[in-house]
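J.: 3D model of this:
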Amino acid sequence: MSNAIRVASAFVASLACVYGLALFAAARQELAPVSRASLCVTEGEVGEASGGRLAVSSSKMRAYFNAFTAPVAEMDFTYLGSTGNEARLGSGELRRQLGLKLRAADACNLVYVMWRIEPESKLVVSIKSNPGQHTSAECANRGYRNIKPARSKPVPPLVPGAQHTLRAEMNGGSLTVFADGVNVLDGDLGADALAFDGPIGMRSDNAKLELRLLAEPPDANATKSRGTPGCKADAGEP
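T.: Predicted structure coming up:
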């Protein structure tokens, strides 16, 4: 093969790559910040900080977007250290963590993507599945299953004052997670994660934060047929 043909072939291949990446980027729906007014806060408090960001200083925070969207969410956050007045989980364990919720049907059925800070820095994906149960009084801290990822990378340790992003995307039963723009986990959630449906949301334990929660625009068809999830009286999670 002549040099001219090799150069031409490389040029065509590079164009195809760039064009393919452009199509992929165009196909991905742009995420938009979720306002405080659009959040249902079921435990703790979520305030407003400068620049349209949200502020969390409660030892336990649980919230979800009061709209039906695709199961894609991102948290752009600054970790500010401990909340001071720390609270244990329903299991009795003391843990510092933050994360995203997907398909959050209720307190008993949802998917968690959690960035653990202490006692060990790591990313953990859990499915909480309790068919027929819907309130924290019914399921408490039962029904958790941590998934074994097909591929994973360690997440960076969180230090106070540093800014990071956590993004999770479900495509059917497949999950992809990004930390600071790096693909850190791919995995199969299994059939039980598709047995329920609900909005995206967020959660933190003993972590003081300033953040933006981002989601895709509300699904117009779902809103027309189902309305909004509504702020439920007993949607808290242990």
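J.: element containing the residue nearest to the spatial centre of the chain?
T.: The chain has L100 as the residue nearest its centroid, 2.6 Å off, counting by CA atoms, centre = their mean. Assigned by DSSP states H and E, L100 falls within strand 96-106.
J.: then L158?
T.: Using DSSP H and E, no helix or strand contains L158.
J.: so what's it up against?
T.: L158 makes contact with 79, 115, 117, 121, 164, according to CB atoms under 8 Å, 6 or more residues apart in numbering. C-betas here are computed from N, CA, C, even on glycine.
J.: filter those residues to the buried ones?
T.: Buried residues within the contacts of L158, counting neighbours by 16 or more other CB atoms under 10 Å: 79, 115, 117, 164.
J.: can you classify the second one by secondary structure?
T.: Reducing the assignment to helix, strand or coil with DSSP: H, G, I helix; E, B strand; the rest coil, the entry for W115 is strand.
J.: could I get the contacting residues of it?
T.: If you count contacts by CB under 8 Å, 6+ apart, W115 has them with 97-99, 123, 155, 158, 164, 166, 179.
J.: in the sheet, who's paired with it?
T.: Using DSSP bridges, the beta-bridge partners of W115 come out as L98, L123.
J.: what pLDDT is listed against it?
T.: What the model reports as pLDDT for W115 is 98.
J.: could you report the separation of it from T223?
T.: According to CB to CB, to the nearest Å, W115 and T223 sit 30 Å apart.
J.: same question, the last one
T.: Note on H164: its distance to T223, by CB to CB, is 31 Å.
J.: settle this for me: S129 is touching F196, isn't it.
T.: Yes. Using CB atoms under 8 Å, S129 makes contact with F196 at a distance of 7.4 Å.
J.: shared neighbours of those two, anything?
T.: Common neighbours of S129 and F196 (CB under 8 Å, 6+ apart) are N109.
J.: just give the closest residue to G52, not the sequence neighbours.
T.: In this structure, G52 finds its nearest non-sequential neighbour in P33, 6.5 Å apart by CB to CB, 6 or more residues apart in numbering.
J.: and if you look at V182?
T.: Nearest one to V182, counting by CB to CB, 6+ apart, is K153 at 6.9 Å.
J.: these two touch, right, the one you found and V184?
T.: Yes. Contact status for K153 versus V184: in contact at 4.5 Å, counting by CB under 8 Å.
J.: and these two? Which one has more around it.
T.: Neighbour count, other CB atoms under 10 Å: between K153 and V184, V184 has more, with 21 against 12.
J.: now, which of the contacts of W115 sits nearest K232?
T.: Using CB to CB, G99 comes nearest to K232 of the contacts of W115, at 20.3 Å.
J.: correct me if wrong: that closest one contacts V177.
T.: No. Counting by CB under 8 Å, G99 does not reach V177; the two are 9.9 Å apart.
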